[in-house]
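# here you go, sequence then predicted model.
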Amino acid sequence: MPKRSASNKVTNKVFGIPSFLNESEEAEWWYANRDRIGDLLAKHGRIVPGRKVERTRAISIRLPESDIALAQQRAKDQGVGYQTVLKEAIREGLRR
């Protein structure tokens, strides 16, 4: 595996990409996080093969401050924005 530069380490931390011991571990991580990575790519205008493009709409929602704080902590741990964490939680809840 090629050695990553210092700037990649910063980018990896921001996006929550961990360091890997081997290619197998890295492949497993990318596969397990494919939906989140696809969302990030789509959000930034990248075409994701095999993924339909859904229109989005901004909404306003009131949440308890404790829920927002929990989402912010999880977002920090994952290296993503807290709104992304909330969106993923809503999607999971709707799939049940």
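Done, it's in. Since the model is a prediction, treat every value here as computed from it, not as a measurement. Numbers count the residues shown, from 1 in each chain.
# quick one: contacts for the residue most central in space within the chain?
With distances taken as C-alpha atoms, centre = their mean, Arg36 lies nearest the centre of the chain, 4.0 Å away. Shown in contact with Arg36 (C-beta atoms under 8 Å, 6 or more residues apart in numbering): Val80, Thr84, Glu88. (Each C-beta comes from the backbone N, C-alpha and C, glycine too.)
# doesn't Ile17 make contact with the first one?
No - when contacts are counted by C-beta atoms under 8 Å, Val80 is not listed as touching Ile17 (10.8 Å).
# count of residues packed around Val85?
By other C-beta atoms under 10 Å, the residues close to Val85 number 21.
# quickly find the element holding it.
Using DSSP states H and E, Val85 sits within helix 82-95.
# swap in Leu70?
Assessed by DSSP H and E, Leu70 sits inside helix 65-78.
# run the angle between that helix and helix 82-95 for me.
Angle, helix 65-78 to helix 82-95, by axes from the mean of the first three to the mean of the last three C-alpha atoms, to 10 degrees: 110 degrees.
# for helix 65-78, buried residues please.
Within helix 65-78, the residues that qualify as buried are Leu70, Ala71, Arg74, Ala75, Gln78, counting by 16 or more other C-beta atoms under 10 Å.
# where does pLDDT dip in this protein?
Low-confidence segments of the chain (pLDDT under 70): 1-15, 44-53.
# one more pass at 50, please.
Where the chain drops to pLDDT under 50, the residues are 1-2.
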